[in-house]
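Chemist: everything below, folded, please.
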Amino acid sequence: MSSREHVKSRASARSAYVGTAAVGRARRLSAAAVVAGSVAVACLAGAVPAHAAEGAGPDGHRVAAAPSATGSVAAATTVVTEGQVKEAAPGGTLLYPSVTSCLTVTVHLRSGGAVGAHASLFQVPGELRSDQILDRVKALAGTREVASVEVRGAVGAWHPAYFTKAIESYGEGEEVPVPTGRDFAGLTAAVARGLGVPADTVTVTDVPDGDQVVEVRRH
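Modeler: Numbering: from 1, shown residues only. Predicted coordinates for the structure are as follows:
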């Protein structure tokens, strides 16, 4: 079995957990992976759930609810789809929809707020590749101090090298690294190195397929 076929096999096995309810979801494959001639299962992007799209504002931010009788206002939800990196305000929520063979990276800032990234095994057309994600997160966070970093998703489908060279970046005949298990330590080191933060600020968690919701710290 070639390395590309192995990648396809592992990603397909992960997607099987979605069950029959997910059979109808469209699989979005990057143009680069098609040109390479060997496409593995990409993250099932899916549409933003109706509850997230309702009342949505620009850039995937939901408009805050009207003030209640006590004058409080509901915090906004920032929707981050595959290949995107966005910042969420303090006290808000980050929503990562349809996380299957993807990883999400949430950087909580010491001053409040967070930067969230939705890394896809294969590039979604017009969005970032897996090897561009961490640089964009780092640029958006800027010089602000990082309190903690959460990495969550399909840990077993990811080789740490995918953060430095995306699968579709390999040419025909080049061997693509294949994950041999859930490499928590390797992913922790890769993310810490890519973001320029201490490894002990990074946690990596394998979670079931589905939407991910992360509450954003206020301070």
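
Chemist: name the residues of stretch 166-173 that are buried.
Modeler: Ala166, Ile167, Glu168, Ser169, Tyr170 (16 or more other CB atoms under 10 Å). C-betas here are computed from N, CA, C, even on glycine.

Chemist: next one: stretch 157-165
Modeler: Ala157, Trp158, His159, Pro160, Ala161, Tyr162, Phe163, Lys165.

Chemist: for stretch 111-118, same thing?
Modeler: Gly112, Gly113, Ala114, Val115, Gly116, Ala117, His118.

Chemist: need these in a markdown table with pLDDT, can you?
Modeler: Output for the buried residues of stretch 111-118, formatted as a markdown table (pLDDT from 0 to 100):
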| residue | pLDDT |
| --- | --- |
| Gly112 | 95 |
| Gly113 | 96 |
| Ala114 | 98 |
| Val115 | 98 |
| Gly116 | 98 |
| Ala117 | 98 |
| His118 | 98 |
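
Chemist: ok, now which ones touch Ala189?
Modeler: Applying CB atoms under 8 Å, 6 or more residues apart in numbering to Ala189 gives the contacts Pro160, Ala199.

Chemist: following whichever strand or helix holds it, which helix or strand shows up next?
Modeler: Following DSSP states H and E, the helix or strand that holds Ala189 is helix 184-195. Toward the C-terminal end, the helix or strand that comes next after helix 184-195 (DSSP H and E) is strand 202-206.

Chemist: in strands only, show me the buried residues of stretch 111-118.
Modeler: Ala114, Val115, Gly116, Ala117, His118 (DSSP state E).

Chemist: quick check: the last one vs His219, distance?
Modeler: Translated: His118. Distance, His118 to His219, using CB to CB, to the nearest Å: 25 Å.

Chemist: now do the same end-to-end measure for stretch 205-219.
Modeler: 23 Å (CA to CA, to the nearest Å).

Chemist: for that stretch, buried residues please.
Modeler: Asp206, Asp209, Gln212, Val214, Val216, Arg217.
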